[in-house]
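Enquirer: build me a structure from this.
(one chain, ligands or ions: 1)
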Amino acid sequence: MQALVEQLKSAVASTRATDIRAAFAADGDRFGKFSAAFDDLLMDYSKCAVNDEIMALLERLAAEGGVAEKRDQMVSGAPINFTEGRSVLHTALRNRSNRPVMVDGRDVMPDVNGVLSAMGVFADAIRSGALRGATGKPITDVVNIGIGGSDLGPVMATLALAPFHDGPRLHFVSNVDGAHVADTLKVLSAETTLFIVASKTFTTIETMTNAQTARRFIAEALGEAAVRHHFAAVSTALSKVADFGIEEDRVFGFWDWVGGRYSIWSAIGLPLMIAIGPEDFGRFLDGAHAMDRHFETAPFRENLPMLLGLLGYYQRNVLGYPSRAILPYDQRLSRFPAYLQQLDMESNGKSVTIDGKPVEGRSGPIVWGEPGTNGQHAFYQLIHQGTDIIPAEFLIARRGFEPDLAHQHRLLIANCLAQSQALLKGRTLEEARAQLDRQGMDATRADHIAPHRVFTGNRPSITFMHDQLTPFALGRLIALYEHRVFVEGVLFRINSFDQWGVELGKELATGLLPVVEGKAGTEGLDSSTAGLVASLRQ
Ligand SMILES: O=P(O)(O)OC[C@H]1O[C@](O)(CO)[C@@H](O)[C@@H]1O
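Expert: Numbers count the residues shown, from 1 in each chain. I've put the predicted structure just below:
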């Protein structure tokens, strides 16, 4: 594979691939060649530094890297998360075809379908008012207590699907900072609130601490006996849930073959289902399943996750770009960049290969972003004129949900297209100088000012366009990015499905708590940490 990477580097130099502007000038059909669509979802990657030679090399890279073989292993239940000895089967959670998926010789689909229908019954009971609080009042507010994958997916998707939200109000508490739970509880009535404690392991300190605070909130307001009426749980650790005292019929399980950051499709999606209803939740799963089938069957140049993954790898490892910006032109996708940040950085932020050797070259990039147009007035300056090249990924819907505000949607679209166009075109010194001349600026000052108004252009971007952000479209979009992360992980030759990098901090925090509480001394600590503790005690 390394030889192919070197070949790609030479091809970039010899074909001057990074002069994207020139490539557009030379080929009137560049968009036709370097775009692909899956139903209404269009992917335009013509503004990336690619050409036929590079695409052919990327296709060879995918073949040599064994992406298709690894994908088939993943969806068929092979234990590809070998550091934890687990299968990786988020695709089974949305396997709407119901074809058997075997783990340790057993089809997991009956369990998957069983939990999904139990979730549906529970969600309907809350939504209809049949399931009530201890004092007989219907549930008006649901609070999800979870963190990381047990929080980001439900928060992101609930915000994204606001036009479909016809269930009770949803709230999300994640941070161990008491401010988070305190501010949330302040506006809630215990009588009409249901808490969902969501934790794959049911040991995460943030979630367990917040759950205890919520428990006290109910017990103090309504008495200890009321607690069972106001709690549900989602976890793989069913015995730990039982110890917490949550009734069995309010516990929704999932399995160790579901990674936290891939768990929105499992019972972790319960808050979303309560918000939008089981039918729309089913459409959300349908969208993801459609993308799974597309990933498994579409040829390379039509396969959106393959293309996105290969382009991501190319931008990181051949062109050496350090980060990527996720820029949804959709206010309801405001948490999508944060969601992708966990998905991508927790999966591919590794430096050891599957053979236990240091990664050759680079692994996953820094992923960040904000919705447009807000970001335009904040950090786009750096994307346009900074010293690093940051590939941008734009996302826009053809239609919004506000027919009365269609003119605002058109303005949103114009801004989205304008940004990718500006990144591509840039502005030369001559153009900047001519503009100042037209404005009547005197020549000496214009010479001085013009360089500051130069944009190099040739800055890459990908634009995704879909019809509307429906549950189906959101499911399809998330699955697209999951598979892109998978493709890149295979090419980086890492295990994308463990997260040992988060463990050390957790261990040290446990050790430091007694020191912070003043129950243990600072002996043996580095002088910085000891100094900070001393400052705390002043
Ligand atoms: O669902 P749990 O077990 O509480 O874990 C929450 C999150 O913590 C992590 O393990 C990282 O600390 C994530 O991978 C996970 O999504």
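Enquirer: going forward, measure contacts and count neighbours with C-alpha atoms only.
Expert: OK.
Enquirer: so for the helix or strand harbouring residue 531, mean pLDDT?
Expert: Using DSSP states H and E, residue 531 maps to helix 527-537. Summarised as a single mean, pLDDT over helix 527-537 is 95.
Enquirer: residues in contact with it?
Expert: 515-516, 522-523 (CA atoms under 8 Å, 6 or more residues apart in numbering).
Enquirer: farthest pair in the residues you listed?
Expert: Farthest-apart pair in these is 516 and 523; separation 12.9 Å (CA to CA).
Enquirer: neighbour-wise, which of those two wins?
Expert: Comparing residue 516 with residue 523 by other CA atoms under 10 Å, the one with more neighbours is residue 516, at 17 against 9.
Enquirer: what sits closest to that one if chain neighbours are left out?
Expert: Counting by CA to CA, 6 or more residues apart in numbering, residue 516 lies nearest to residue 533, which is 6.6 Å off, once chain neighbours are set aside.
Enquirer: chain center to stretch 336-345: distance?
Expert: Centre-to-centre, stretch 336-345 and its host chain are 3 Å apart (CA atoms, centre = their mean, to the nearest Å).
Enquirer: and what of stretch 75-89?
Expert: In terms of CA atoms, centre = their mean, the centre of stretch 75-89 is found 21 Å from the chain centre.
Enquirer: and that stretch, average pLDDT?
Expert: Per-residue pLDDT over stretch 75-89 has a mean of 97.
Enquirer: same deal with stretch 410-429?
Expert: 98.
Enquirer: mind listing what's buried in that stretch?
Expert: Using 16 or more other CA atoms under 10 Å as the test for burial, stretch 410-429 gives 412-413, 415-416, 419-429.
Enquirer: any idea which of those is closest to residue 472?
Expert: Nearest to residue 472, judged by CA to CA, of these is residue 413 at 21.3 Å.
Enquirer: give the other helices and strands that the helix or strand encompassing the closest one contacts.
Expert: Under the criterion of DSSP H and E, residue 413 resides in helix 406-425. On a contact count with 3 or more CA pairs under 8 Å, 6 or more residues apart in numbering; DSSP states H and E, helix 406-425 meets helix 20-26, strand 323-329, strand 392-397, strand 461-466.
Enquirer: quick one: it to strand 461-466, angle?
Expert: 150 degrees (axes from the mean of the first three to the mean of the last three CA atoms, to 10 degrees).
Enquirer: coming back round to it: and the helix holding residue 531, what's buried?
Expert: Residues of helix 527-537 classed as buried: 530, 533 (neighbour count, 16+ other CA under 10 Å).
Enquirer: tell me the residues of the stretch 401-538 of the chain that contact the ligand?
Expert: Residues of the stretch 401-538 of the chain lying close to the ligand (CA under 6 Å from any ligand atom) are residue 502.
Enquirer: count of neighbours near the closest residue to the ligand within the stretch 401-538 of the chain?
Expert: In the stretch 401-538 of the chain, the residue that lies nearest the ligand is residue 502 (5.3 Å; CA to the nearest ligand atom). Residues within reach of residue 502, counting by other CA under 10 Å, total 10.
Enquirer: and it, which of the three is it?
Expert: helix (DSSP: H, G, I helix; E, B strand; the rest coil).
Enquirer: swap in residue 293?
Expert: Put simply, residue 293 is helix when judged by three-state DSSP.
Enquirer: i'd like the first residue to be 16 from this point on
Expert: With 16 as the first residue, the last one maps to residue 308.
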